[in-house]
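Novice: could you look at this predicted model? Sequence included:
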Amino acid sequence: MDVFSPEKRSQVMSRIRSKDTKPEKIIRSILHKLGFRFRINRKDLPGKPDIVLPKYKTVIFVHGCFWHQHEGCKKSSRPKSNVDFWDRKLSANLMRDKEVIAEYKKSDWKVLVVWQCQIREFSKNPHSLEEKIMTLEML
Ligand SMILES: [Zn+2]
């Protein structure tokens with residue numbers, strides 16, 4: 001059941017989007033505690049990664065499950081109203097994400113996507129994030 005009018009829904013969505021900055025901060029603070037050195041705001045890199053780990057030639061994107069359509073995730077379900085609009089918008093996001101990853105693939109940089117729904121787990125168990133970074137395979 002869709003309880004929101006399109007206007008209301010887009011308000012709600014923009015509020016969700018602006019909250020997306022918070023998960024990045026959580027991940028940064030976990031990395032900090034683990035002793036990783038990282039850069040942020042490297043707007044010159046493809047897709048403007050949230051976090052860059054120069055030593056590991058790794059970039060980290062912290063993705064909202066809805067905006068980046070986390071596959072198989074409950075939080076990624078598409079709105080039932082304005083279906084065409086959301087299909088176009090979300091498909092464009094996915095396309096862009098693919099292009100960005102392809103850019104890194106061309107160089108020897110690795111990409112880690114941290115999904116919003118995984119953050120709680122990483123907060124509870126920071127070393128699982130470390131392990132993930134250390135065992136990243138080339139795409
Ligand atoms: Zn998810």
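Specialist: Received it, and whenever you're ready, just let me know what you need.
Novice: please enumerate the helices of the chain.
Specialist: Using DSSP state H, the helices of the chain run over residues 6-19, 21-34, 83-106, 119-124, 126-134.
Novice: nearest to residue 55, out of the ones you listed?
Specialist: Residue 55 lies closest to helix 126-134 among the helices of the chain, at 10.4 Å (C-beta to C-beta). (C-beta placed from N, C-alpha, C; glycine too.)
Novice: the closest one: which residues count as buried?
Specialist: Buried residues in helix 126-134, counted by 16 or more other C-beta atoms under 10 Å: 129-130, 133.
Novice: save these as a markdown table, and put in pLDDT and distance to the ion too.
Specialist: A markdown table is the format used below for the buried residues of helix 126-134 (pLDDT from 0 to 100; distance: C-beta to the ion, whole Å):
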| residue | pLDDT | distance to the ion |
| --- | --- | --- |
| 129 | 97 | 16 |
| 130 | 96 | 21 |
| 133 | 95 | 19 |
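Novice: so which of the residues you listed comes closest to residue 78?
Specialist: Closest to residue 78, out of all of these and judged by C-beta to C-beta, is residue 129, at 28.6 Å.
Novice: residues of stretch 74-93 that come out buried?
Specialist: Neighbour-count burial for stretch 74-93 [16+ other C-beta under 10 Å]: 76, 79, 82, 86, 90, 93.
Novice: next: stretch 43-52.
Specialist: Burial within stretch 43-52, assessed by neighbour count using 16+ other C-beta under 10 Å, is assigned to 46, 49-52.
Novice: now what about stretch 129-136, what contacts it?
Specialist: 27, 30-31, 34, 36, 53, 56, 58, 60, 110, 112, 114, 122 (C-beta atoms under 8 Å, 6 or more residues apart in numbering).
Novice: stretch 52-66 now?
Specialist: With C-beta under 8 Å, 6+ apart as the test, stretch 52-66 has contacts from 13, 16-17, 20, 23-24, 27, 31, 36-40, 42, 45, 47, 49-51, 70, 73, 75-76, 97, 100, 104, 108-117, 119, 133-134, 136.
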